[in-house]
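A.B. asks: need a structure here:
(one chain, ligands or ions: 1)
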Amino acid sequence: MAKKKQNLLVVIGSPRRGGNSAALADRLAKSAAAAGAAVEALFLQELDIKPCTACEACRAKRARGCIIRDGMQPLYAKIKAADAIVVASPVYWFSLSAQTKLFMDRWYALGGGNDYRGLRGKRFALLLAYADADAFSSGAVNALHTFQDAIGYLGGTIAGMVYGSAAKAGEIRARKDLMQQAAELGRRLAAPE
Ligand SMILES: Cc1cc2nc3c(=O)[nH]c(=O)nc-3n(C[C@H](O)[C@H](O)[C@H](O)COP(=O)(O)O)c2cc1C
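C.D. replies: Numbers count the residues shown, from 1 in each chain. As a prediction, the model looks like this:
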């Protein structure tokens, strides 16, 4: 019997359209699409996502999600509809980029009455680029841990994390090993076991 077509949401937390995390995301998205998935990729920078204000309105009785009317609203629906969510980010100041973090902070609203049901059980992947050659001194390990802890807390599954060093925009395309890992991860997300 044919397997269900997988719906992938790819969010890119770099402001650089031609950047390294975007290049990894592009490779993953193309291979996932070639393997039969429906893929939507978005640049968070372009979506006017405001910070969580800790108003707690999303946690009130009979709350109906986040009350901040901004670019995150359509994303909540896309998150709920996705089978897998791919987060692509540069390392900024030894952690995930602010764009990525704003997006993840707003997941808080999915933890109200429905206890992260919109995220629980989904598969996640992280694509990460950083300039320093070392995963520790670059801060990449902090970003990886943050992501792992967040997804573990939500009850999601991490399908894979591709991370490596590149500084100038697009330079990561020369890292054949990383590009191959991104392509392979895309195929796996498109056709889960
Ligand atoms: C504001 C800013 C902060 C950065 N902080 C770090 C850092 O802490 N560690 C690091 O290795 N690289 C750092 N970098 C370099 C980027 O992570 C690197 O250039 C990466 O390839 C950018 O990915 P992108 O092309 O997807 O934006 C920083 C770059 C910027 C602009």
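A.B. asks: now the residue at minimal distance from the centre of the chain: how far from the ligand?
C.D. replies: Centroid-nearest residue in the chain, with Cα atoms, centre = their mean: Val87, separated by 1.6 Å. Using Cβ to the nearest ligand atom, to the nearest Å, one gets 12 Å for the distance from Val87 to the ligand. The C-beta positions use only the backbone N, C-alpha and C, and glycine is treated the same way.
A.B. asks: now Leu24
C.D. replies: 8 Å.
A.B. asks: which ones are touching that residue?
C.D. replies: Going by Cβ atoms under 8 Å, 6 or more residues apart in numbering, Leu24 touches 88, 127, 129, 162, 172, 178-179, 182.
A.B. asks: still on that earlier bit, the residue nearest to the centre of the chain bridge partners, please.
C.D. replies: Val11, Leu126 (DSSP bridges).
A.B. asks: isn't it right up against Phe147?
C.D. replies: Yes. The criterion here is Cβ atoms under 8 Å, and Val87 meets it with Phe147 at 6.9 Å.
A.B. asks: which one is the residue in the chain positioned nearest to the ligand nearest to, not counting chain neighbours?
C.D. replies: With Cβ to the nearest ligand atom, the shortest gap between the chain and the ligand falls at Gly19, namely 2.5 Å. Once flanking residues are discounted, Gly19 sits nearest to Ala169: 4.7 Å by Cβ to Cβ, 6 or more residues apart in numbering.
A.B. asks: Might you enumerate the residues of this protein proximal to the ligand?
C.D. replies: Counting by Cβ under 6 Å from any ligand atom, the chain comes close to the ligand at 14, 16, 19-22, 90-94, 129-132, 138-139, 166-167, 169.
A.B. asks: Those, buried ones only, as a PyMOL selection?
C.D. replies: Remark: buried members of these, expressed as a PyMOL selection using 16 or more other Cβ atoms under 10 Å:
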select buried, resi 14+16+19+20+21+22+90+91+92+129+130+138+139+166
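A.B. asks: Among the residues of the chain next to the ligand, name the ones in strands.
C.D. replies: 90-92, 129-130 (DSSP state E).
A.B. asks: related to what we said a few turns ago, just the pLDDT at the residue of the chain closest to the ligand, thanks.
C.D. replies: Gly19 carries a pLDDT value of 98.
A.B. asks: my guess is it contacts Ala131, does it?
C.D. replies: No. The criterion here is Cβ under 8 Å, and Gly19 misses it with Ala131 at 11.5 Å.
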